[in-house]
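Participant: Got a sequence here, can you model it:
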Amino acid sequence: MKKPRQKSSLTDLRRQYAGRQAEIRERLAKFSRVPPSEYFYELVYCLLTPQSSAVNAQKAVDLLKLHDFARVDIDPAPLLHQEDFYIRFHHTKGRHLIALKQQFPEILHHLSNGMGGADLRDWLVLNAKGFGYKEASHFLRNVGHRGLAILDRHILRNLVRFRVLRSLPKSVTRKRYLAIEKKFRNFSEKIGIPIDELDLLFWSMETGEILK
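Facilitator: Below you'll find the model as predicted:
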């Protein structure tokens, strides 16, 4: 029988942060160095991660790159369903990828016009198919923007674990997302760990790795 997860203390959290701080900061610095030439496949990666593992999403991105999806007109859906990995809802996500490719010049323009991260996130959610607040926040973090919460299941579980939230939300509307993000930010300020670093710390505590 699986043992229930024990509540962690802030002392333990700070200890784990101290041990991983250098690696976390290097990962964030790496995000800030991502060139615009890689933005398209970062968008692809973040579109594929919902309901699929980060490892499988990266395998799919690598295969799409191999087929030069950014420049060649192909149906991406079959490439998302392979023997060694599987992207859930691959037909729907395949359609979103085609729409993303068509819209990418417009997206790239907005990314380079000086808009702040929060405004860019709102724009992406309203205009890019397949992107909610979590996916848009994920992408923007991966290309160097800071201060946006990526409220996936790993983060939400830890917010409950540290009593920032009473329970996992059943659904996350825009209003609810922003309210949780505010609580997350307040918690990070209270314990003295920047929200972007705390995000990666929670991820590494759940998965054992500091991934993107």
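
Participant: make it CA atoms for all contacts and neighbour counts henceforth
Facilitator: Noted.

Participant: Now do Phe85 against Leu97, distance only.
Facilitator: Counting by CA to CA, to the nearest Å, the separation of Phe85 from Leu97 is 18 Å.

Participant: Show me which of those two is the more surrounded one.
Facilitator: More neighbours sit around Leu97 than around the other of Phe85 and Leu97, counting by other CA atoms under 10 Å; the figures are 25 against 16.

Participant: Which helix or which strand is home to the more buried one?
Facilitator: Secondary structure from DSSP states H and E places Leu97 in helix 90-111.

Participant: mind checking how far that helix is from the chain centre?
Facilitator: Between the centre of helix 90-111 and the centre of its chain there are 17 Å (CA atoms, centre = their mean, to the nearest Å).

Participant: what's the spacing between Glu38 and Ser32?
Facilitator: 12 Å.

Participant: of the two, who's got more company?
Facilitator: In terms of neighbours (other CA under 10 Å), Ser32 is the more surrounded of Glu38 and Ser32; the figures are 16 against 10.

Participant: And the residue nearest to the more buried one when sequence neighbours are not counted, its phi and psi?
Facilitator: Residue nearest to Ser32 in three dimensions, not counting chain neighbours: Gly144, with 3.8 Å by CA to CA, 6 or more residues apart in numbering. For Gly144, the backbone dihedrals are phi 110, psi 0 (criterion: degrees, to the nearest 10).
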